[in-house]
Structure formats: C-alpha cells, structure tokens
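Peer 1: Have a look; sequence and predicted model below, questions after that.
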Amino acid sequence: MVEPLAASSSLDEALRVGLPAPTDAMTVRVVEGMRLLALRHLAGGAAAIEATVAVHGLLPLPKPGACHGADPCLVWTGPTECMLLTANCAMADGVLHVLAPGRERLACAVDQSAGCVVLEMLGHGVADVLPRLLDASAVPLRAGQGSRTRLMDISALVIRLEPDRVLLVVDRVHGVYATQWITYALQAHDCST
C-alpha cells in the first residue's frame, strides 16, 4: 500500500501563522484530520458509487450545487464527480477499499487528503466576506449548498454547512494565499461596517 504524502511542516506552520485573527464577525481555522476523497465515475458508473456510499450510511449522491451532511459530507463537484469529506478514517478507508482504482470498471475513489487544506469560516461575517472572495453566482446562500469555484484566482471547493459556517477546500500549496485573501476580505468588511 502506498503511504499518503506528508505535508510540509513549514508550509503548515506558515498556514497557521497566516490565519486571520478572530473577530466578533468571524473566526477562521484549519480543520485538522479531514479526509477528502474524489468519487469519480464514467457513464454508467454512478451506481457503483451510490452503492458504496449507501453501505457507509451516506445520503444519495448530491445534485448540482448541493451537499449532504457535515461529517461525512458529500458535495457535488461535477457531472461525473463528487467529493467526500470526513474525519472518520475508517469510513474513508472503507470507501477507498471498495472503489480502489481498477476494482470497479467505471468508478473509482482518489484520496486527495494530503494535497488539500480545509478552512472553516464561522460567524455572521461569513455572509459579507464570501462575496469579496468568490463570484456572486458561486456563493452558496443556504445550508446544504456547495460547489467547485474560484477563490480569487485559485480553485476552491466551498460548502455552506450552516448559515454562519462555511468550509473552503483549497490545494495545500495555496493555503497561505487563501488565508491572506480571507484576512484582506475580513479587514475590508470591518472597515466598511
């Protein structure tokens, strides 16, 4: 079995240092230990993914622009892909085992955990800060919405779990950049209120 990549400790330290200071409006933190699996399928392969997530007690695959659950969370990312986010390593390993590349003809799971960072934004300021970071059409307005979008000029997955709780998933190498933009947007929000 291939061991997952270990993230650079200096990169992780720079990410923690780069987090914006908590304010009355919003707190941002790195969600540690989150597993991210891309569940991909070709035409006719969705049934294998549906069967696998059903065995693990997950809701059916989400529709475009939607997500189900908080942990585990399934997020629609495209017509042939959804992402599974969970802190439950046993569940993630079970899904990976069943959908290991080559096991199913038309579907597979790819572990992207080591290459991504999950940022949690909490507080009433989330509604004001997100439009400063994302296209207005990409901002999930209600709990249960999520999509792949652009955070400034990098790819991101944005998931609204609750009215004042949003997860942002970005490539780990862009984590510091994302926190810098969040800090800037939060400061701009504070100046305008």
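Peer 2: Perfect, thanks for sending it.
Peer 1: Of all residues in the protein, which one is nearest the centre?
Peer 2: residue 169 (3.7 Å; Cα atoms, centre = their mean).
Peer 1: secondary structure class for that one?
Peer 2: Secondary structure state of residue 169, per DSSP: H, G, I helix; E, B strand; the rest coil, is strand.
Peer 1: Isn't it up against residue 36?
Peer 2: Yes. At 6.5 Å, residue 169 counts as touching residue 36 under the criterion of Cβ atoms under 8 Å. Yep, even glycine has a C-beta here, placed from its N, CA and C like the rest.
Peer 1: what touches both of those two?
Peer 2: Common contacts of residue 169 and residue 36 (Cβ atoms under 8 Å, 6 or more residues apart in numbering): 83, 85, 116, 118.
Peer 1: Can you give the strand pairings for the helix or strand containing the last one, parallel or anti for each?
Peer 2: Which is residue 118. In the assignment (DSSP states H and E), residue 118 maps to strand 116-122. Strand 116-122 has its sheet partners listed here by DSSP bridges as strand 27-30 (antiparallel), strand 165-171 (antiparallel).
Peer 1: out of these, deepest packed?
Peer 2: When those are scored by mean count of other Cβ atoms under 10 Å, the highest mean neighbour count falls to strand 165-171 (a mean of 21).
Peer 1: Give me the next element, helix or strand, following it.
Peer 2: Using DSSP H and E, the helix or strand that follows strand 165-171 in sequence is helix 175-192.
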